[in-house]
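Engineer: next come a sequence and a model predicted from it.
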Amino acid sequence: MSLYTRLEQRLERNSDDAGPVQGEFSLVRIGLIWLAANLVVTTLLTGTLFVPGIDYGLAILLIIVGTLVGAVVLVTVGNIGTRTGLPTMALTRGPFGTRGSLLPVTANVVILMGWSWVQAMLAGIALDFIVASVTGISMPVVWAVVCQTIVVILAIFGHEGIARIEPWLAAIMLAIMTFIFITAFTTFTPAEFQSIPVDESIGFTPLIVLDVVIATAISWTVLSADFNRFAKTSKAGIIGSGVGYSLSTIIAMSLGATAISYVIISGGEAAPFDPVTIIEPFGWPLAIVIFTSVMATNTMVVYGMVTSVVNAIPGSRVKFLPTALILGLISIIGATFFGLLDQFTTFLVTIGALFAPVFAIMIADYYIVKRGAYTPDILNAKGGRYWYLAGVNWFAVAAWAIGAVAVYLWTYVWPTPIGATIPGFALTFVLYLVLSLRERSAHAAEPSRHLSRSGTATDA
């Protein structure tokens, strides 16, 4: 037996699948998972985008409001995972159909690939800062490729170990963040932060900031059921993920806004979404933390991409190793496209346009159309309630397309007083309900049961 074959068999035995899982995690454990997951540098650097486009105090307020609004969607979708035991992309079979779910799954893989590129670039920049400070040689693109190559190897061999140490990395991040907050507010007063002149030429408005913050929550919602299906009860999943996600996002984004403001007050150049800008005033320890935290998070992102593909269709499992190698190679090549960092805001808006309508449909379908219950038919490769028309629910596809186009138009063509994500979500939610009235009335209510257990009611 060849080395490749032995490795492939080992990975197939140990890789995650999209079947139902009975959760055992407590509220505190779920909270710590979410605290660790989003306490990362990409969230921190998102906060650097906002100042001086809007004033510092308003940026902090919008970070808090947008995070709490987005968290409602995150915990609501996550609770479906707790009640059924299924991960997020497997749950899309409910409204979209067994084959129709391939559409959001494909969009998810594309978005995760984009995240992997961005994070590889950030890790490369942080590592380049450390190396250049010693050798004087700067090669950020080369280091980004090196970092992403390590990430792919870790995703194949070491994702479980990374998952175990992420809470410890989060503790280190919290310590560094505390240091930066203390340094910032003992050097300058809050009034000095608030007095930074607004630069309207940057093009940021309060509505754009709010949309970006909500889009961050939407981007994390693709993993909400993946994490929360391990919660022991709905209460543990809802409160744990709500508190953990909200705290980590508010702290990290607020720190980004504070750090870039510190640079501006100190007379430095405010380069948004540039880790070197905030590394320089706070030193190489922050560079090391950025590098390690991004590498850990990116390992889980690449692993999530692979598992999304191999479990896309029930009963037709794609091989893990060749999928990991192909997607890994694409992620390594894409890590050289540094121009994507200049388009990060557009990237987040794209996530909102693609996935806010998906989650509106998922919430409407599970809680209202299906009356809070999915049957074991959702696990079938063919036939059953979720087969719809040749495996596709075209009403869901139509609602998604209309919602995504609406979010785009309300962002770039006809801006609304409340941004684009919220009205796009609401439009898709209502439209899908209207289109699904016949589907709802055609089926009697099913008892809410966890799909890993036969004949046992779901814990509420």
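Structural biologist: All right, it came through fine.

Engineer: end-to-end on stretch 386-396?
Structural biologist: Taking CA to CA, to the nearest Å, stretch 386-396 runs 12 Å from one end to the other.

Engineer: show the average pLDDT along that stretch.
Structural biologist: Mean pLDDT, stretch 386-396: 94.

Engineer: residues of that stretch that come out buried?
Structural biologist: 386, 387, 388, 391, 392, 393, 395, 396 (16 or more other CB atoms under 10 Å). (Glycine included, C-beta is placed from N, CA and C.)

Engineer: okay, now the unreliable bits of the stretch 101-250 of the chain?
Structural biologist: Confidence mapping of the stretch 101-250 of the chain against pLDDT under 70 gives the ranges 158-163.

Engineer: can you give me the helices for it?
Structural biologist: 102-135, 140-157, 159-187, 190-194, 206-221, 224-228, 234-265 (DSSP state H, counting those that start in this stretch).

Engineer: want to throw those into JSON lines with distance to residue 42 and mean neighbour count?
Structural biologist: Below are the helices of the stretch 101-250 of the chain laid out as JSON lines (distance: least, CB to CB, whole Å; neighbours: other CB atoms under 10 Å):
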{"stretch": "helix 102-135", "distance to residue 42": "6", "mean neighbour count": "21"}
{"stretch": "helix 140-157", "distance to residue 42": "14", "mean neighbour count": "20"}
{"stretch": "helix 159-187", "distance to residue 42": "12", "mean neighbour count": "16"}
{"stretch": "helix 190-194", "distance to residue 42": "23", "mean neighbour count": "14"}
{"stretch": "helix 206-221", "distance to residue 42": "9", "mean neighbour count": "25"}
{"stretch": "helix 224-228", "distance to residue 42": "17", "mean neighbour count": "27"}
{"stretch": "helix 234-265", "distance to residue 42": "9", "mean neighbour count": "23"}
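
Engineer: closest to residue 327 out of those helices?
Structural biologist: helix 102-135 (7.3 Å; CB to CB).

Engineer: how far does the closest one sit from the chain's center?
Structural biologist: Averaging C-alpha positions (CA atoms, centre = their mean, to the nearest Å) puts helix 102-135 13 Å from its chain's average.

Engineer: next one: stretch 331-349
Structural biologist: Chain-centre distance of stretch 331-349: 15 Å, with CA atoms, centre = their mean.

Engineer: same question, stretch 443-457
Structural biologist: For stretch 443-457, the distance to the chain centre is 29 Å (CA atoms, centre = their mean).

Engineer: now that stretch - C-alpha only, CSV.
Structural biologist: Taking Å, rounded to 0.1, in the frame of the first residue of the first chain, the C-alpha atoms of stretch 443-457 are listed here in CSV:
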residue,chain,number,x,y,z
HIS,A,443,-47.6,19.5,5.1
ALA,A,444,-48.7,18.8,8.6
ALA,A,445,-46.5,20.0,11.5
GLU,A,446,-43.8,17.5,12.4
PRO,A,447,-42.5,17.0,16.0
SER,A,448,-39.2,18.8,16.6
ARG,A,449,-36.6,16.0,17.0
HIS,A,450,-32.9,15.9,17.0
LEU,A,451,-31.8,14.0,13.9
SER,A,452,-29.2,11.9,15.7
ARG,A,453,-31.9,10.4,17.9
SER,A,454,-34.9,8.4,16.7
GLY,A,455,-38.1,9.2,18.5
THR,A,456,-36.8,11.7,21.1
ALA,A,457,-37.9,15.3,21.3
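
Engineer: circling back: now, the buried residues of stretch 386-396 that are in helices?
Structural biologist: Within the buried residues of stretch 386-396, residues falling in helices by DSSP state H are 395, 396.

Engineer: which of the buried residues of stretch 386-396 sits closest to residue 258?
Structural biologist: Using CB to CB, these come closest to residue 258 at residue 396, 41.8 Å.

Engineer: circling back: which of the helices of the stretch 101-250 of the chain sits closest to residue 45?
Structural biologist: Across these, closest to residue 45 is helix 234-265 (CB to CB), at 5.7 Å.

Engineer: ok and the host helix or strand of residue 364 relative to helix 102-135, angle-wise?
Structural biologist: Secondary structure from DSSP states H and E places residue 364 in helix 344-364. Taking axes from the mean of the first three to the mean of the last three CA atoms, to 10 degrees, one finds helix 344-364 and helix 102-135 inclined to each other by 150 degrees.

Engineer: packing partners for helix 344-364?
Structural biologist: For helix 344-364, the packing partners by 3 or more CB pairs under 8 Å, 6 or more residues apart in numbering; DSSP states H and E come out as helix 56-84, helix 93-96, helix 102-135, helix 206-221, helix 394-412, helix 421-435.

Engineer: could you point out which element follows the first one?
Structural biologist: Meaning helix 56-84. Heading C-terminal from helix 56-84 (DSSP H and E), you reach helix 88-91.

Engineer: show residues contacting that following helix.
Structural biologist: 18, 77, 80-81, 84, 101, 104-105, 108, 221-226, 308, 311-312, 314, 362, 366, 374, 378 (CB atoms under 8 Å, 6 or more residues apart in numbering).

Engineer: again, only using 6 Å
Structural biologist: With CB atoms under 6 Å, 6 or more residues apart in numbering as the test, helix 88-91 has contacts from 18, 80, 105, 108, 222, 225, 226, 308.

Engineer: farthest pair within the residues you listed?
Structural biologist: The largest separation in the contacts of helix 88-91, counting by CB to CB, is between 80 and 308 at 17.0 Å.

Engineer: of the two, which one has the most company?
Structural biologist: The neighbour count for residue 80 versus residue 308, taken as other CB atoms under 10 Å, is higher for residue 80 (27 against 24).

Engineer: give the contact list for that one.
Structural biologist: Contacts of residue 80 by CB under 6 Å, 6+ apart are 91, 225, 366.

Engineer: residue 189: which of these is nearest?
Structural biologist: Among the contacts of residue 80, and counting by CB to CB, the member closest to residue 189 is residue 225, at 44.1 Å.

Engineer: the closest one - nearest residue in space that isn't next to it in sequence?
Structural biologist: Setting aside the residues directly before and after it, residue 225 is nearest to residue 81 in space (CB to CB, 6 or more residues apart in numbering), at 2.7 Å.

Engineer: how about the contacts made by that neighbour?
Structural biologist: The contact partners of residue 81, by CB under 6 Å, 6+ apart, come to 225, 228, 229.

Engineer: distance of it relative to residue 226?
Structural biologist: Remark: distance between residue 81 and residue 226 (CB to CB, to the nearest Å) = 7 Å.

Engineer: again, but for residue 264
Structural biologist: Taking CB to CB, one finds residue 264 at 38 Å from residue 226.

Engineer: okay, and the residue nearest to residue 154 when sequence neighbours are not counted sits in which element?
Structural biologist: Distance criterion CB to CB, 6+ apart; nearest residue to residue 154, sequence neighbours excluded, is residue 299 at 4.4 Å. Per DSSP H and E, residue 299 falls inside helix 284-310.
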